[in-house]
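>>> sequence and predicted structure below; questions after.
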Amino acid sequence: MGEFTMPSLGADMDEGTLVEWLVEPGAPIRRGDPVAVVETAKSTIEVECFESGTMGRPLVEPGTTVPVGTPLALIETAAGTRGKAGSARKPRKEPQGPPAPERTRPAEPAEPVRTLEPVASEAPGHGHVEAGPLIRHLAEEGGVDLAALRGSGPGGRVTRADIERAAAAAPTARTPTARAPRARVTPLARRRAAELGVDLSSVAGTGKDAAIRAEDVSRAASGHAGAPSPPPRTTAAVRASRPSEDQAPAMRRAIARLMSRANRDVPHYYLSTTVDMAVPMDWLHDRNRRSPMSERLLPAALLLKAAALAAHEVPELNGFWTDDRFTAGEGVHLGMAVSLRGGGLIAPVLRGADTLELPALMSALKDLVSRARTGRLRGSEVSGATLTVTNLGDQGVETVFGVVHPPQVALVGFGRVVDRPWAVDGLLGVRPVVTVTLSADHRATDGAVGARYLTAVDRLLQNPEKL
C-alpha cells in the first residue's frame, strides 16, 4: 500500500488545493498517469502518480487545502509495499516487513491474500476462467469478451497479455454492432454533469485518452440554452473554471515573496553581451524556406538550444545552491519563463534541452507554452529546472536582467533581435543582433565563469548547423 501525497511543485510552494480527482477508487493506474488536479498559487497542475497499482481510498476531498507532503489517497501497489507515490519520483525506501493486508470479501475471511481479487466466470467450452478487476477493466476498454478467452495464466487465469492479444485481433473479429469502449469520466465531472444537466455522451474530453474532466462539462454547459440553473459550486470548483481571474492575485503574492527572498538572500552579479545574429538568422531563413510550415523554427529555438549547450559546457551555472554549497544538476533542464494571459508567470521545464534536436525542441517549446497558458501542465513539468531562461524579445524588449530563482544559481535573458550598425572586419554595416544577459549567484560562481558562459553562447550561435 502506498500513499499519493501533495507534491512540492516548486521551491516556493508550501501548500496546495486539491481541485479534482481524475481517477475513481478501484481504477488501475500506471506510473506517470495523472491522477489529480492541484491548484497552487501560480497555476492549476495535473499531478502524476509515480507508482503503478490500483487507486485506493481518497483521504482528502476536492476543495481542501493541505500542506506539501500530506497524504491525499492510498495506492494499492502490486507488491503491497508502502511508499510515497506522489511526492517524489523515487519512492522512499522503508524496512521490509509483511505485506499490508488487502481488502477481502466478507464471505471469505479465510481466503489467502491476493494482489487482485479474482472473480470466477464460466466460459462456454473453456471451463473455469478467472479475471481480476484490472483485467476486467482492460477487457471493457478494449471491447474484449472475457467469456470467449482461454486464460494463459496459472489455473487458466486471464492475463494482461491475453487481453492485449485479443484486443489486437478484435478489429477483424468484432461485429459492426460490438459495443465501443466507454469514454472515461472523472468523478467530479460526473457530479458536475448531474448538477448542470449535461449529457456526457455529447461532451468531448480533453484529458488523457480523451477523458472527460470537470472543465469539459462546464464548457459544454455554457452552450446549453435550456440547462437548469446549477446549485452553488465549491470555491475550488469556481477557481478551477476561472483560473486566470482567481489565481492572479495569489500568484502575484507568491512571486513577490519568492523574488523578495531571492533579492535578499542571493548576492547577484550581472553580465551582458551583444551577439551578431547574421549567420544564425541566414541559416534559419534558408532552412525554413526548404521546410514545410509545420517544421519551421523560430529564433527562440536557436537561442534556447545555445543556452542549454552552453550550460552543459559551463556546468558551474547549471544546478542548485543548497546547504551552503553548489550541487550540479543531472542534465540540463531549462525553466522557460512564460507570461500568463491573466497576469503572472510560470516556468515550465524543458527537460534534457541540450540533447534535443532543434525540431523536437521547437515542438516541445510550443506544446509547453500552450499548455502553460491553458492550465494543462503536469506536476513533473513545473519542477526540477536547473537553469531558467527568460525571452522578452516578442514583447519588444531589447535587454532583460532577471532575478535568480532559488535554489538555482543563474538566469539567462534574451532580448529582441534588432538591426544595428555593426562593424565586421573593419567595415561598418547593418546586422541583426541580440543582447544576451546573465544574472547569477555570486556564492556559486563569479564574473569569470559567467563570461565563459556568455562567450560559449555566442560561439554556439555562430555555428547554427551544429546546434
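Yes, it's here. Numbering: from 1, shown residues only.

>>> please make it C-alpha for all contacts and neighbour counts, starting now.
Fine.

>>> report how many residues lie close to residue 276.
By other CA atoms under 10 Å, 22 other residues sit near residue 276.

>>> tell me the spacing between it and residue 459.
10 Å (CA to CA, to the nearest Å).

>>> same check on residue 148?
65 Å.

>>> do the same with residue 409
22 Å.

>>> low pLDDT regions in the protein?
Within the chain, the segments meeting pLDDT under 70 span 11, 78-138, 140-142, 153-155, 157, 160, 170-183, 187, 208-209, 223-248.

>>> regarding it, what is its longest helix?
helix 243-265 (DSSP state H).

>>> and the very next helix or strand once past it, which residues are buried?
Scanning forward in sequence from helix 243-265 by DSSP states H and E, the next helix or strand is strand 268-276. Residues 268, 269, 270, 272, 273, 275, 276 are the ones in strand 268-276 that count as buried (16 or more other CA atoms under 10 Å).

>>> what does stretch 389-405 give?
In stretch 389-405, counting by 16+ other CA under 10 Å, buried: 389-393, 398-405.

>>> just give me the closest of the residues you listed to residue 61.
residue 405 (32.4 Å; CA to CA).

>>> my read: that closest one touches residue 411, true?
Yes. Contact criterion CA atoms under 8 Å: residue 405 and residue 411 qualify, at 7.4 Å.

>>> now the common contact residues for the two.
residue 388 (CA atoms under 8 Å, 6 or more residues apart in numbering).

>>> in the chain, which spans are helices?
Using DSSP H, helices in the chain cover 133-142, 160-173, 187-196, 214-221, 235-241, 243-265, 278-289, 299-313, 358-373, 447-461.

>>> and those, which is most packed in?
Among the helices of the chain, helix 299-313 has the highest mean neighbour count (mean count of other CA atoms under 10 Å), at a mean of 22.

>>> which residues are in contact with that helix?
280-281, 284, 317-318, 331-334, 353-354, 358, 361-362, 365, 389, 391, 412, 414, 453-454, 456-457, 460-461, 464, 467.

>>> what sits opposite residue 412 in the beta ladder?
residue 389, residue 438 (DSSP bridges).

>>> pretty sure it sits against residue 399.
No. Using CA under 8 Å as the test, residue 412 is too far from residue 399 to be in contact (11.0 Å).

>>> give the contact list for the residue nearest the centre of the chain.
Residue closest to the average C-alpha location in the chain (CA atoms, centre = their mean): residue 378, at 2.5 Å. By CA under 8 Å, 6+ apart, the residues touching residue 378 are 34, 45, 46, 47, 48.

>>> gap between the second one and residue 271?
Distance of residue 45 to residue 271, given as CA to CA: 34 Å.

>>> likewise for the last one?
Here residue 48 is placed at a distance of 38 Å from residue 271 (CA to CA).

>>> same question, residue 38
38 Å.

>>> got it, and residue 24?
Computed as CA to CA, the residue 24 to residue 271 distance reads 52 Å.

>>> and residue 221, by the same measure?
For residue 221, the distance to residue 271 - CA to CA - is 53 Å.

>>> also residue 26?
55 Å.

>>> before we move on, the earlier item: find the residues that touch each one of residue 412 and residue 399.
Joint contacts of residue 412 and residue 399 (CA under 8 Å, 6+ apart) are 436, 437.

>>> can you pull the contacts of residue 53?
28, 29, 30, 75, 76, 77, 78.

>>> pretty sure residue 372 sits against residue 345.
No. Using CA under 8 Å, residue 372 is not in contact with residue 345, being 9.5 Å away.

>>> between these two, which contacts overlap?
Contacts common to residue 372 and residue 345, judged by CA under 8 Å, 6+ apart, are residue 338.
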